[in-house]
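Peer 1: pasting the structure only:
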């Protein structure tokens with residue numbers, strides 16, 4: 001052992017004591033790859049000593065697994081300091097739990113570590129802690145969502161996915177880093193994909209580290225140049241050192257092909273897979289893909305109908321989209337309203353031909369200076385009377401103001417509860433709906449008749465992504481109004497998965 005460098009000693013300990021917590025090699029001894037060993041040598045054999053190490057690479061390259069292993073290295077391995085604290089930080093409780101769960105699995109896979117099997121480490125699942133009574137070392141998973149940094153004095157810290165921090169400041173990061181001054185030679189490690197912009201905290205730290213002004217900072221970034229062929233195997237491997245190993249190269253190629261076909265996927269692909277600084281917002285659908293779905297819709301009468309409603313502010317654009325799947329294709333009927341007294345002014349302000357669309361009956365005028373909810377409720381009542389409406393997805397925002405008018409229009413409480421479905425606008429609800437909608441567009445299973453207002457909304461629609469790749473539409477970053485795109489996503493969100501029941505009669509208005 002005496003002839004080994006610090007990094008070699010640590011590598012040897014990791015490969016002897018850590019078991020892979022999940023994936024195809026779950027339960028097997030950890031086998032560090034050459035690129036991982038090179039990184040550990042830069043960190044632990046730095047002749048100047050390492051205060052901060054930054055490792056940035058694409059998603060699914062085992063960042064969290066390596067981070068969890070390093071936490072155990074400092075908790076009970078040769079890097080331990082008696083009675084020391086070792087936090088990990090993340091921006092959300094869910095992200096914090098990922099790293100803790102991996103470390104806990106590693107402990108439980110090794111009887112010498114797991115206290116439940118006679119080992120040294122107690123796993124405290126409810127509070128996300130690992131504790132070694134013999135050494136007095138304590139690991140805690142912290143998140144920016146919960147203020148739990150009071151009284152900590154860590155000697156080692158892992159900052160997981162710091163690229164999620166928007167802007168140059170993170171209170172959690174600063175609190176942990178500032179609390180490490182009481183120790184000799186403390187160390188922090190950042191393991192993350194890149195942040196979207198140069199102004200974000202991780203980008204600021206990387207750019208400063210790459211100047212070489214501080215020899216105590218080690219920076220290792222696997223990324224693809226912005227001008228490289230984004231879809232070649234060579235480029236994929238630049239940002240993904242595990243490609244072709246435990247990271248499936250075929251899956252990376254599939255993601256590359258999807259990004260090439262759909263603009264909405266490209267920014268996500270570049271940021272998460274190529275590890276480039278790219279805003280994870282993009283047009284949801286390309287013009288060519290939308291144009292390929294411009295066939296005239298068939299009449300909805302006699303078919304199960306699903307709808308999406310996007311209620312506007314009282315003087316803005318309101319959208320209701322109805323659709324039925326007929327012969328495997330969604331026929332879409334769009335309805336849009338603006339206050340009749342405001343159409344001309346809105347056309348000038350937005351530089352959009354609302355007035356022309358109104359004359360062509362593509363944009364309906366609500367009477368007066370606002371789109372009154374009484375007007376919308378009356379329309380929905382008439383529409384539901386004429387069609388077999390199964391469900392209508394809506395953003396719960398402002399629905400409490402619409403519901404009284406629905407009751408006045410003729411809907412019962414029971415019918416409202418049956419038809420109108422609250423559809424969340426966050427990542428959890430919106431991402432599956434967008435995935436469904438995207439698939440239908442790509443496969444030309446939508447017929448929208450090239451409706452101009454809907455076309456405008458789809459052209460303006462942009463998506464943003466969370467660290468897990470889930471997506472949602474964002475009005476704040478759109479180039480214009482996207483109400484129709486939101487309504488269409490709401491429709492897809494409440495439509496049943498798989499095949500939609502088809503009419504079994506001769507298109508009469510009598511439902512069975």
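Peer 2: Great, that's in hand. Only a predicted model underlies this, so the values are computations on that prediction, with no experimental measurement involved.
Peer 1: Not including adjacent chain positions, what is the nearest residue to residue 185?
Peer 2: residue 49 (6.0 Å; CB to CB, 6 or more residues apart in numbering). (Glycine included, C-beta is placed from N, CA and C.)
Peer 1: and the one you found, that's in a helix?
Peer 2: No - with DSSP: H, G, I helix; E, B strand; the rest coil as the criterion, residue 49 is coil rather than part of a helix.
Peer 1: And stretch 275-291, end to end?
Peer 2: Its start and end residues considered, stretch 275-291 measures 32 Å (CA to CA, to the nearest Å).
Peer 1: what's the spacing between it and its chain's center?
Peer 2: 15 Å (CA atoms, centre = their mean, to the nearest Å).
Peer 1: Return the distance of the helix or strand harbouring residue 357 from the chain's centre.
Peer 2: For residue 357, the host element (DSSP states H and E) is helix 354-359. Distance of helix 354-359 from its chain centroid, counting by CA atoms, centre = their mean, is 37 Å.
Peer 1: where does the chain have its least confident helix or strand?
Peer 2: Least confident helix or strand, the chain: strand 281-283 with a mean of 66, by mean pLDDT, DSSP states H and E.
Peer 1: Mind giving me the packing neighbours of the next helix or strand after that one?
Peer 2: Next in sequence after strand 281-283, counting helices and strands by DSSP H and E, comes helix 287-291. If you count contacts as 3 or more CB pairs under 8 Å, 6 or more residues apart in numbering; DSSP states H and E, helix 287-291 packs onto helix 427-442, helix 452-460.
Peer 1: Comparing those helices, which comes out most buried?
Peer 2: When the helices and strands packed on helix 287-291 are scored by mean count of other CB atoms under 10 Å, the highest mean neighbour count falls to helix 452-460 (a mean of 22).
Peer 1: Which residue ranges of the stretch 251-400 of the chain form strands?
Peer 2: 281-283, 304-310, 318-326, 329-339, 364-366, 388-394 (DSSP state E, counting those that start in this stretch).
Peer 1: Name every strand pairing with the longest one and say which way it goes.
Peer 2: According to DSSP bridges, the neighbouring strands of strand 329-339, each with its direction, are strand 318-326 (antiparallel), strand 364-366 (parallel), strand 446-447 (parallel).
Peer 1: nearest to residue 344, of those?
Peer 2: strand 364-366 (10.7 Å; CB to CB).
Peer 1: Rebuild the helices and strands packed on helix 287-291 as a markdown table, extending it with distance to residue 208 and mean pLDDT.
Peer 2: Shown next, in a markdown table, are those (distance: least, CB to CB, whole Å; pLDDT from 0 to 100):
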| stretch | distance to residue 208 | mean pLDDT |
| --- | --- | --- |
| helix 427-442 | 32 | 91 |
| helix 452-460 | 37 | 90 |
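Peer 1: Report how far apart the opening and closing residues of stretch 269-278 are.
Peer 2: 9 Å.
Peer 1: OK, contacts around residue 343?
Peer 2: 354, 355, 358, 363, 365 (CB atoms under 8 Å, 6 or more residues apart in numbering).
Peer 1: Adding neighbour count and distance to residue 116, write the residues you listed out as CSV.
Peer 2: Output for the contacts of residue 343, formatted as CSV (neighbours: other CB atoms under 10 Å; distance: CB to CB, whole Å):
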residue, neighbour count, distance to residue 116
354, 26, 67
355, 16, 72
358, 19, 70
363, 25, 66
365, 15, 70
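Peer 1: quick revisit: just name the most buried of the strands paired with strand 329-339.
Peer 2: strand 318-326 (a mean of 25).
Peer 1: quick one: average confidence on it?
Peer 2: For strand 318-326, the mean pLDDT works out to 95.
Peer 1: State the phi and psi torsions of residue 472.
Peer 2: The phi/psi pair for residue 472 (degrees, to the nearest 10) reads phi -150, psi 160.
Peer 1: Need the per-residue pLDDT for it.
Peer 2: Reported pLDDT for residue 472: 89.
Peer 1: next one: stretch 426-443 to chain centre, how far?
Peer 2: The answer for stretch 426-443 is 13 Å, by CA atoms, centre = their mean.
Peer 1: Then stretch 214-229?
Peer 2: 24 Å.
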